[in-house]
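J.: need coordinates for the following:
(one chain, ligands or ions: 1)
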Amino acid sequence: MSPIVEIENLTKHYWRGNQIVPVLTDINLVIGEGDFLALMGPSGSGKSTLLNLIAGLDRPTSGVLRVSGINIAELPEASLTDWRAANVGFIFQFYNLMPVLTAFENVELPLLLTGLSKRERREHVNLVLEMVGLADRMDHYPSQLSGGQQQRVAIARALVIDPVLIVADEPTGDLDRASAEDVLELMERLNVDLGKTIVMVTHDQRAAAKAHSIRHLDKGVLTDDPGAVA
Ligand SMILES: Nc1ncnc2c1ncn2[C@@H]1O[C@H](COP(=O)(O)OP(=O)(O)OP(=O)(O)O)[C@@H](O)[C@H]1O
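T.: The predicted structure is shown next:
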């Protein structure tokens, strides 16, 4: 499995007043192409911080962070923004859909930055909305959809750019059990059927059980997980 994400001796700290607050310490991690990794750990252990770094939403304080061979920590701001838009699909706990746009328009949004024609965009959006089982809801606004359906729109939006990497932060955190199962099955299909590499932060053991591997963070230190699933 060739590596998609390579992290070497990564640290992250914040300043609180004139005090340094260490959040991640000496992280070393390789995520292979087609892997599905769950990041777990107590609240405040640094899971979202690590996910945001991998997704290029933030920068490490030190260390190497390569995605597809590019040291994204060293990209200038504008290049990092472009890189992120072209390579990373995001799934958040609270969906982050635009309320004034329909499901179709929300999914089309990332494609507006590409050179695709309107017809090509429509084909792409139709395809992914069909894949997430919402072809008949594309004209609905988020407020007209259930939480599970909104999350599936968000997954379609993540998928529509054909990302190198999908990052998910508590994707089932706001869902009831049945909707959470639907969303997890869908993520499993993205991984198994489409070969998408997924990194997911979760507190949910059932969500983590869908992953190929589980790593734990404890006070900013990545620990080997003896209970990792195969
Ligand atoms: N911008 C920031 N400035 C200062 N401290 C921050 C900042 N962002 C995060 N932190 C701190 O970093 C630590 C890790 O936060 P992070 O959100 O990564 O934890 P987490 O493991 O995802 O927690 P949770 O499970 O509660 O979401 C916390 O102590 C948090 O207060």
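J.: the strands in the protein, which residues?
T.: 3-16, 19-32, 36-40, 62-67, 70-71, 88-92, 165-169, 197-201, 213-218, 221-223 (DSSP state E).
J.: and for the longest helix seen in the chain, what are the contacting residues?
T.: Longest helix of the chain, by residue count under DSSP state H: helix 177-192. The contact list for helix 177-192 (Cβ atoms under 8 Å, 6 or more residues apart in numbering) reads 34, 36, 91, 131-133, 146-148, 151-152, 155, 159, 166, 168, 171-172, 175, 196-198, 200, 204, 206-207, 210, 212. Yep, even glycine has a C-beta here, placed from its N, CA and C like the rest.
J.: name the stretch among the strands of the chain that sits most buried.
T.: Scoring the strands of the chain by mean neighbour count under mean count of other Cβ atoms under 10 Å gives strand 197-201 as the most buried, with a mean of 26.
J.: kindly export that one (C-alpha atoms) in CSV.
T.: The C-alpha trace of strand 197-201 is given here as CSV (Å, rounded to 0.1, in the frame of the first residue of the first chain):
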residue,chain,number,x,y,z
THR,A,197,-8.6,6.9,1.8
ILE,A,198,-10.5,8.0,4.9
VAL,A,199,-9.3,9.5,8.3
MET,A,200,-12.1,9.7,10.8
VAL,A,201,-12.2,11.2,14.3
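J.: name the strands paired with that strand and say parallel or antiparallel.
T.: strand 36-40 (parallel), strand 165-169 (parallel) (DSSP bridges).
J.: show me how far that strand is from its chain's centre.
T.: In terms of Cα atoms, centre = their mean, to the nearest Å, the centre of strand 197-201 is found 6 Å from the chain centre.
J.: who touches it?
T.: 4-5, 31-40, 47-48, 51, 54, 164-171, 187, 190-191, 207-208, 211.
J.: average pLDDT across it?
T.: Taken as a whole, strand 197-201 has an average pLDDT of 98.
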